[in-house]
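Q: whatever this is, show me its structure:
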Amino acid sequence: MADNDYITTLLREGQEVHTIRSGKQVDAMVTVTEILSSEYDLLENIEIPYKPDRKKTPIIEEITDEDEDIRRQKYEFTEGYYVDTLVNKRGKQIDISRLASACGLEVEFSGAWE
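A: Numbers count the residues shown, from 1 in each chain. Presented below is the predicted three-dimensional model:
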């Protein structure tokens, strides 16, 4: 992959368990969320809608038809659950870190994240 990839490393007790490389922040966030859901029971570890310490809710269960522009920024990561990626780079890092933490994992960001 290219040197400008967004590299997200998930760790458990300091040991790497997954490394995700992506050319786009959005793809990295969605892929990490998919892994946390399928392999680390994310949905059992958070309350839905997931709304940690801010007005924006990064994990939701349904999309309404209120705003078609916002709909385009939500990606289904497992059947019926969506991750909202309409945040800046730092916001994505915060959301990814909080979701990983809910699953007992740490995160390191490198490459284009820096």
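
Q: the chain: helices as residue ranges?
A: Assigned by DSSP state H, the chain shows helices spanning 25-40, 42-45, 68-71, 89-102.

Q: which one of those helices lies nearest to I7?
A: helix 25-40 (8.2 Å; CB to CB). All C-beta spots, glycine's among them, are computed from the backbone N, C-alpha and C.

Q: got the angle for that closest one vs helix 89-102?
A: Interaxial angle, helix 25-40 versus helix 89-102 (axes from the mean of the first three to the mean of the last three CA atoms, to 10 degrees): 0 degrees.

Q: send me helix 25-40 as CSV with only the CA atoms.
A: Listed next in CSV are the C-alpha coordinates belonging to helix 25-40 (Å, rounded to 0.1, in the frame of the first residue of the first chain):
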residue,chain,number,x,y,z
GLN,A,25,-10.3,8.0,6.6
VAL,A,26,-13.9,6.9,6.1
ASP,A,27,-12.9,3.4,4.9
ALA,A,28,-10.6,3.0,7.9
MET,A,29,-13.4,4.0,10.3
VAL,A,30,-15.9,1.7,8.8
THR,A,31,-13.5,-1.3,8.6
VAL,A,32,-12.4,-0.9,12.2
THR,A,33,-16.1,-0.7,13.3
GLU,A,34,-16.9,-3.9,11.3
ILE,A,35,-14.0,-5.7,13.0
LEU,A,36,-15.0,-4.5,16.4
SER,A,37,-18.6,-5.6,15.8
SER,A,38,-17.8,-9.0,14.3
GLU,A,39,-14.8,-10.1,16.4
TYR,A,40,-15.1,-8.1,19.7
